[in-house]
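K.L.:
Let's see this in three dimensions:
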Amino acid sequence: MTFRAASHPWRLSCGENAIEQHLAESVARLGSQRAFVLTSPSVNHRTDTIRRITSALGPSCAGVFDGIAKDTTFASVCTARDAARAAGADLLLAVGGGSVIVAVRAVAIFLAEANDPHHLMTQYPEGKPAYSPRLNTPKLPIVNIPTTPTSAVNRAGTGLKNPALDHRMEYFDPKTRPQAILLDTAALLASPLAVIRSTATTVFATTLAAIAQSDLNPLAEGDRDHAFKLANRAYRRLPTAPEDPALRLDLAIAALLQNRAEDDGAP
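P.N.:
Model (predicted):
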């Protein structure tokens, strides 16, 4: 079989107290002295996850911005960019679900690129094929701490909601993939059950749909099959054991593996 595969330089820390045991090390390894935390109001005010993070970071924490809006709005990303710039951030730490993780990728792009965000996004010229401008400027390193299982966890694409436009603002930059991912059991357990049910359904449905694909290379096939195994096992047990941390970890890892299968599945 002829195929190509590419790996991306992320490190995964998973389990109980992953924040306390591995966050400071991950930030130091990336050379950061001013890590800036970006999150949503609900994660900041309804859980102790941000307190744990700032405590683990100590003096290397440059600040916290908790204004990332649901559905990843352009306005909240611009405000977050300004806050990160004012804090002198040298690393971006995304804490939350898919909306926050996607937003932080956009923050990294807007901080680094000089052009107007409207010129950086995918363009749809009338009568011509769509194209995505090249975003060549180096980006700040990103560390993701998801609070729900999400397919956004290790991707490079970004979509922002902007009521002033009739389509989402779309960006793609491989340099915005995370360099570290922490799956902390307490952070995942802190998310409301209704949110977990919704995200678990999305993860399960994605892995189930992928099973129908039959022309995968061995690497992609292995990740796809195990992603479905993990998602199926966790999704079936979730109604009877909603507070079992292993189920939330399995769903989060399933999302990560399915992403990797898609990365390696190209001919």
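
K.L.:
Let me know the pLDDT of residue 70.
P.N.:
For residue 70, the model assigns a pLDDT of 89.

K.L.:
Specify the local secondary structure of it.
P.N.:
coil (DSSP: H, G, I helix; E, B strand; the rest coil).

K.L.:
Now do the contacts for it.
P.N.:
Residues in contact with residue 70, defined by CB atoms under 8 Å, 6 or more residues apart in numbering, are 40, 99. In this view, the C-beta of every residue, glycine as well, is placed from N, C-alpha and C.

K.L.:
Could you measure from it over to residue 156?
P.N.:
22 Å (CB to CB, to the nearest Å).

K.L.:
Who are the contact partners of the spatially most central residue of the chain?
P.N.:
For the chain, residue 153 is the residue whose C-alpha lies nearest the centre (CA atoms, centre = their mean; 3.1 Å). Residues in contact with residue 153, defined by CB under 8 Å, 6+ apart, are 101, 144, 146, 178, 181, 252, 255, 256, 259.

K.L.:
run the last query once more with 6 Å
P.N.:
By CB atoms under 6 Å, 6 or more residues apart in numbering, residue 153 lies in contact with 144, 146, 255, 256.

K.L.:
In this model residue 203 seems to touch the third one, though I could be wrong.
P.N.:
Yes. Under the criterion of CB atoms under 6 Å, residue 255 lies in contact with residue 203, with a separation of 4.9 Å.

K.L.:
out of those two, which sits in the more crowded spot?
P.N.:
The neighbour comparison of residue 255 against residue 203 (other CB atoms under 10 Å) goes to residue 255, with 30 against 27.

K.L.:
returning to what we had before: derive a PyMOL selection command for the buried subset of the contacts of residue 153.
P.N.:
Applying 16 or more other CB atoms under 10 Å to the contacts of residue 153, the buried members can be selected in PyMOL as follows:
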select buried, resi 144+146+255+256
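
K.L.:
Which of the contacts of residue 153 fall within strands?
P.N.:
Those of the contacts of residue 153 mapping onto strands are 144, 146, per DSSP state E.
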